[in-house]
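# Return a 3D structure for these sequence lines:
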Amino acid sequence: MFNSSDIEFIKSKGINEEQILTQIQGFKDGFAFVHLSAAATFQNGLVRFSKDEISELTDFYDSKSPDRNILKFVPASGAASRMFKHLFEFRDQFDHKPLPELLKDKSFNSVHYFFDKLNDLAFFNDLKEVMESKGADLEDCIKEKDYNCIIGFLLDKDNLNYASLPKGLIKFHNYSDGSRWAIEEHLVEGSVYCKNSSNEVKIHFTVSPEHQNKFTQALDKAKSEYEKKYGVTFDISLSIQKPSTDILAVDLENNPLRDKQGKLIFRPGGHGALIENLNDIKGDIIFVKNIDNIVPDRLRGTTYTYKKLIAGYLIKLQDQTFKYLNILEKDWNGEKLKEIELFTRKELMISLPADFNSLEEKRQVLFNKLNRPMRICGMVKNEGEPGGGPFWVSVQDGLNSLQIVEASQIDKTKADQKEILSNATHFNPVDLVCGVRDYKGEKFNLKQFVDPKTGFISKKSQNGIVLKAQELPGLWNGAMADWITIFVDCPIITFNPVKIINDLLREQHQ
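The predicted model follows:
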């Protein structure tokens with residue numbers, strides 16, 4: 001199947017032939033749907049705190065965080081091109097349809113709305129400057145409805161080049177003293193809840209190789225400004241998705257695909273590949289948040305509260321878990337096992353067997369269940385957003401596990417699964433805080449807690465060829481399947497993603 005050149009190419013990516021054969025077998029076998037047992041709701045897997053409890057946990061976090069190695073992890077490799085889909089479509093049709101027809105849709109997501117509110121966007125002055133540098137006037141183009149010209153200056157390579165930039169380098173918000181890129185907003189946010197006793201703030205961005213230099217330049221430019229403004233020192237690091245996580249592309253008959261030069265075609269393994277990047281980071285409390293879920297300063301108070309809340313809850317549960325693990329290792333008895341079992345079932349919401357053959361078996365099971373990475377996942381009320389949510393999933397021997405499950409992982413042709421999906425009340429905004437060290441202070445090998453059976457296969461088109469692409473278990477789905485998982489209710493204001501450029505015109509981003 002593979003010649004010597006293929007083998008060398010595969011090795012150069014840090015992959016061995018056995019892994020490739022496993023990938024091909026994955027295409028042949030496919031990936032089974034998960035089996036939902038129930039939606040995680042209040043009183044059944046989803047925690048909701050009172051005002052007093054929120055205050056107590058945020059204060060607890062403030063008291064504990066200075067002595068912890070805290071870091072913010074921001075996946076930021078996604079390109080912004082999809083944000084401008086409606087502008088690309090408008091431009092493609094511009095020469096074939098009259099302007100009134102192209103602008104008849106006046107809804108929020110429309111091209112009409114975009115141009116009507118263009119001067120409210122944070123990049124308006126940048127667009128104006130690049131047009132002026134080339135002899136064009138933005139206000140005149142707006143007045144004359146020369147929208148095609150504006151789109152060209154906004155998106156094209158020799159101009160503002162927004163179509164080729166990552167989301168992190170798009171101007172998101174306006175302030176009295178200027179505008180900010182998305183990455184700048186993450187620096188500001190991190191300066192509040194990721195500070196240690198030395199006022200150092202650690203932030204890690206995962207980026208695409210082609211954007212790495214741009215990120216470095218932008219962060220170098222912004223870093224000193226925000227250090228002075230917030231009295232902190234930033235320790236900023238970048239990483240790219242490892243080539244060893246790429247997956248071979250195959251045709252519809254599961255044969256390896258090659259390019260015109262006969263070279264094997266590989267595709268990125270999806271955001272699940274970032275478990276490798278997360279695994280490499282030195283830290284013990286790690287916040288995970290997407291690059292586009294960020295709000296301006298005036299709305300950030302609630303975000304700060306709930307970030308501290310979920311992190312405080314993590315530290316509280318982790319401290320108790322570590323205490324019990326030490327007991328299970330060397331100083332346990334029957335009464336202690338009862339106490340630890342109650343904590344495991346009630347506080348950590350871990351499903352355990354109904355009974356055990358012996359106290360030793362019970363000890364071993366409890367130790368195994370508790371000695372894992374832990375994550376607290378903020379969940380928001382589902383208001384029609386697509387994507388994953390919190391569910392109980394059947395795992396083995398009648399036991400269940402709390403998991404973030406994507407709609408694509410659910411067999412909606414089965415009535416019981418469809419009903420459970422319809423009963424879901426909450427949505428995953430990707431608002432996690434992770435505890436990645438064990439009770440002895442050693443870093444977990446996060447790759448040991450991935451469920452490889454939760455990958456995903458889709459059909460794609462590349463250079464006119466229809467192919468099958470495989471993605472690794474998602475970062476917050478199968479890649480964290482064997483973690484201790486707790487779901488916490490958070491307000492919807494903490495979730496404000498920017499999926500299309502018009503989202504920046506929402507009140508929350510103005």
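# Only C-alpha atoms from now on, for both contacts and neighbour counts.
Will do.
# And the helices in the stretch 301-450 of the chain?
Ranges of helices in the stretch 301-450 of the chain, per DSSP state H, counting those that start in this stretch, are 334-346, 359-370, 415-422.
# Packing partners of the last one?
Meaning helix 415-422. strand 36-39 (3 or more Cα pairs under 8 Å, 6 or more residues apart in numbering; DSSP states H and E).
# Report the rounded mean pLDDT for the strand it packs on.
Strand 36-39 shows a mean pLDDT of 96 in the predicted model.
# His204 is in contact with Gly190, correct?
No - using Cα atoms under 8 Å, Gly190 makes no contact with His204, being 10.6 Å away.
# Overlap in contacts, those two.
Both Gly190 and His204 are contacted by Lys72, under the criterion Cα atoms under 8 Å, 6 or more residues apart in numbering.
# hmm, back to that, could you point out which of the helices of the stretch 301-450 of the chain sits nearest Ala39?
Ala39 lies closest, by Cα to Cα, to one member of the helices of the stretch 301-450 of the chain: helix 415-422, at 5.9 Å.
# gap between the closest one and the chain center?
Offset of helix 415-422 from its chain centre (Cα atoms, centre = their mean, to the nearest Å): 25 Å.
# again with stretch 7-18
On the basis of Cα atoms, centre = their mean, stretch 7-18 sits 28 Å off its chain's mean C-alpha point.
# Send me it as PDB with only the CA atoms.
Extracted in PDB, the C-alpha atoms of stretch 7-18 (Å, rounded to 0.1, in the frame of the first residue of the first chain):
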ATOM      1  CA  ILE A   7       7.000   5.800   4.600                       C
ATOM      2  CA  GLU A   8       9.600   8.600   4.800                       C
ATOM      3  CA  PHE A   9       6.900  11.200   4.400                       C
ATOM      4  CA  ILE A  10       4.800   9.600   7.100                       C
ATOM      5  CA  LYS A  11       7.800   9.400   9.500                       C
ATOM      6  CA  SER A  12       8.600  13.100   8.800                       C
ATOM      7  CA  LYS A  13       5.200  14.000  10.300                       C
ATOM      8  CA  GLY A  14       6.000  12.000  13.500                       C
ATOM      9  CA  ILE A  15       3.500   9.300  12.500                       C
ATOM     10  CA  ASN A  16       4.200   5.600  12.200                       C
ATOM     11  CA  GLU A  17       2.800   3.100   9.700                       C
ATOM     12  CA  GLU A  18       0.700   1.400  12.300                       C
END
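# re the thing from before, which one of the helices of the stretch 301-450 of the chain has the poorest average confidence?
Among the helices of the stretch 301-450 of the chain, helix 415-422 scores lowest, with a mean of 94.
# so Asn371 sits right up against Lys323, yeah?
No - contact criterion Cα under 8 Å: Asn371 and Lys323 do not qualify, at 11.3 Å.
# higher neighbour count, these two?
Comparing Asn371 with Lys323 by neighbour count (other Cα atoms under 10 Å), the higher total belongs to Asn371, at 18 against 13.
# Next, give phi and psi for the more buried one.
The phi/psi pair for Asn371 (degrees, to the nearest 10) reads phi -90, psi 70.
# Got phi/psi on the closest residue to it other than its chain neighbours?
Here the nearest residue to Asn371 in space, its sequence neighbours aside, is Asp438; by Cα to Cα, 6 or more residues apart in numbering that works out to 6.6 Å. The phi/psi pair for Asp438 (degrees, to the nearest 10) reads phi -90, psi -180.
# where do the strands sit along the stretch 51-200 of the chain?
Under the criterion DSSP state E, counting those that start in this stretch, the stretch 51-200 of the chain contains strands at 70-75, 171-175, 178-181, 200-207.
# In JSON lines: these, plus mean neighbour count, mean pLDDT and distance to Ala122.
Formatted as JSON lines, those follow (neighbours: other Cα atoms under 10 Å; pLDDT from 0 to 100; distance: least, Cα to Cα, whole Å):
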{"stretch": "strand 70-75", "mean neighbour count": "24", "mean pLDDT": "97", "distance to Ala122": "22"}
{"stretch": "strand 171-175", "mean neighbour count": "20", "mean pLDDT": "97", "distance to Ala122": "5"}
{"stretch": "strand 178-181", "mean neighbour count": "16", "mean pLDDT": "96", "distance to Ala122": "6"}
{"stretch": "strand 200-207", "mean neighbour count": "22", "mean pLDDT": "97", "distance to Ala122": "22"}
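# so how far is Phe234 from the closest residue to Val188 other than its chain neighbours?
Once flanking residues are discounted, Val188 sits nearest to Tyr226: 7.1 Å by Cα to Cα, 6+ apart. Relative to Phe234, Tyr226 is positioned 9 Å away (criterion: Cα to Cα, to the nearest Å).
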